[in-house]
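> I need the structure of the sequence given here:
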Amino acid sequence: MKNVTDSFVFLGHWPSAGSFGFNTDILATNLINLSVVIGVLIFFGKGVLSDLLDNRKQRILNTIRNSEELRGKAIEQLEKARARLRKVEMEADQFRVNGYSEIEREKMNLINSTYKTLEQLENYKNETIQFEQQRAINQVRQRVFQQALQGALGTLNSCLNNELHLRTINANIGMFGAMKEITD
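Next up is the predicted model:
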């Protein structure tokens, strides 16, 4: 950390002037601050983000596997329904004279209910995947923000001395007071 602070001291020092000075070029200092913050975020957040994404990927894959199992069960049900349909069709040949319309209606109800069940399962699978993806994205956003905030606060606390810290607090209190007066 000493090397980082030394580099900032050297940025503010002009050897031709022969004394310590401040860099008043706002653009250059903002770029340096921004590059430091981005570097810290990348350094500390890369592993956490990678772990979060890997965990999320595993959960999504598990959800997909579960959905595929449900799909397999639905296909089994469809096969059973088709077997029942074939059985009903054979019985329909036997009872065609007495109740052809009744059997046909039962067949259609069976087919419709099976297709509705399959459609509901497919919709449930898609909704579950979409929900899990959105939840994963929100969790990753929240954790990255928390990590960035903690890193920034840690950096600020380690760089601020007591006098500068008190001046910053007083300035913030003044800003909150002004905001309160505006809202009142």
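> And the residue nearest the centre of the chain?
Nearest to the mean C-alpha position of the chain, by C-alpha atoms, centre = their mean, lies I137 at 1.0 Å.
> Who are the packing partners of the host helix or strand of it?
If you go by DSSP states H and E, I137 is part of helix 96-159. Contacts defined by 3 or more C-beta pairs under 8 Å, 6 or more residues apart in numbering; DSSP states H and E place helix 96-159 against helix 26-94. Any C-beta I mention is one placed from the backbone N, CA and C, and that applies to glycine too.
> For the helix it packs on, give the mean pLDDT please.
What helix 26-94 shows for mean pLDDT is 86.
> now stretch 167-184
Mean predicted confidence for stretch 167-184 is 82.
> and F95, what are its phi and psi?
With angles defined as degrees, to the nearest 10, F95 sits at phi -110, psi 20.
> For it, which non-adjacent residue is spatially closest?
Leaving aside its chain neighbours, F95 sits nearest to I103 (6.5 Å; criterion: C-beta to C-beta, 6 or more residues apart in numbering).
> what's around the one you found, how many residues?
If you count neighbours by other C-beta atoms under 10 Å, I103 ends up with 18.
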